[in-house]
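1. only geometry, no sequence info:
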């Protein structure tokens, strides 16, 4: 008998989150995909022929009250924003650190088999760059949790893909990154822009499946 797994995705409407949910719905190893969202999905968001998807619109400030949704095998966290979109450094930190850290703490309490989240290339708690410092502080905080099993971070560079909102700086960076990509080799290869679908595949490969 084939073992079926359940998953929880936070941040399913983002660039990587959409790619990830699409891949999970097509993955025969999964029987149910819970998604905690800040806004509803449209009917055309995903093809869900097997009725695996269980979307729930929540207030992430109340995450501690929603621990029942974490009774799954695997947790994927794709939450993330930019300082410009968040408006302030404090608002950015709330989304990129506090919400993700809270999800990790709940996952530990619910004894999930594995926990994977999106960090960033260059994440470093000692960085002078606020964005990279927050990402590094989060990595340190999660990896220090002795009661969280199989925690893994993916560290992408600039993400490639079609976003709902227009980010001019990222569009320009994407063009420049594609041009520079062939020159980024060896220890610089990690800075190459990467497709959201590739990041999503990396996340699933880091989860724990029984053989």
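-> Thanks, I have it. Keep in mind the model is a prediction, meaning the values are calculated, not measured.

2. Show me where the chain has its helices.
-> Assigned by DSSP state H, the chain shows helices spanning 15-25, 83-86, 89-93, 100-109, 130-143, 168-180, 196-205.

3. Outside of stretch 132-139 itself, list whatever touches it.
-> Outside of stretch 132-139, the residues within contact range by CB atoms under 8 Å, 6 or more residues apart in numbering are 92-93, 96-97, 100-101, 117, 119-120, 122-127, 153. Every C-beta, even on glycine, is put in place using the N, C-alpha and C of the backbone.

4. of the residues you listed, closest to residue 75?
-> Among those, residue 117 lies closest to residue 75 (CB to CB), at 8.3 Å.

5. The nearest residue to the closest one once chain neighbours are set aside: how many residues sit nearby?
-> Residue nearest to residue 117 in three dimensions, not counting chain neighbours: residue 77, with 3.8 Å by CB to CB, 6 or more residues apart in numbering. Neighbouring residues of residue 77 were enumerated by other CB atoms under 10 Å; the total is 24.

6. re the thing from before, could you write me a ChimeraX select line covering just the buried ones among the contacts of stretch 132-139?
-> Burial among the contacts of stretch 132-139 is assessed by 16 or more other CB atoms under 10 Å; the matching ChimeraX selection reads:
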select :92,93,96,97,100,101,117,119,120,123,153
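
7. for the contacts of stretch 132-139, which one is nearest residue 53?
-> residue 117 (20.4 Å).

8. Quick check, that closest one in contact with residue 156.
-> No. The criterion here is CB atoms under 8 Å, and residue 117 misses it with residue 156 at 11.6 Å.

9. Spatially, and excluding backbone neighbours, which residue is closest to residue 93.
-> residue 134 (5.6 Å).

10. burial count for that neighbour?
-> 23.

11. Next: the one 10 residues further on.
-> The number of residues packed around residue 144, counting by other CB under 10 Å, is 9.

12. gap between it and residue 35?
-> Noted for residue 144: a distance of 28 Å to residue 35, by CB to CB, to the nearest Å.

13. Residue 153 too?
-> 20 Å.

14. what do you get for residue 50?
-> Residue 50 is 15 Å from residue 35, by CB to CB.
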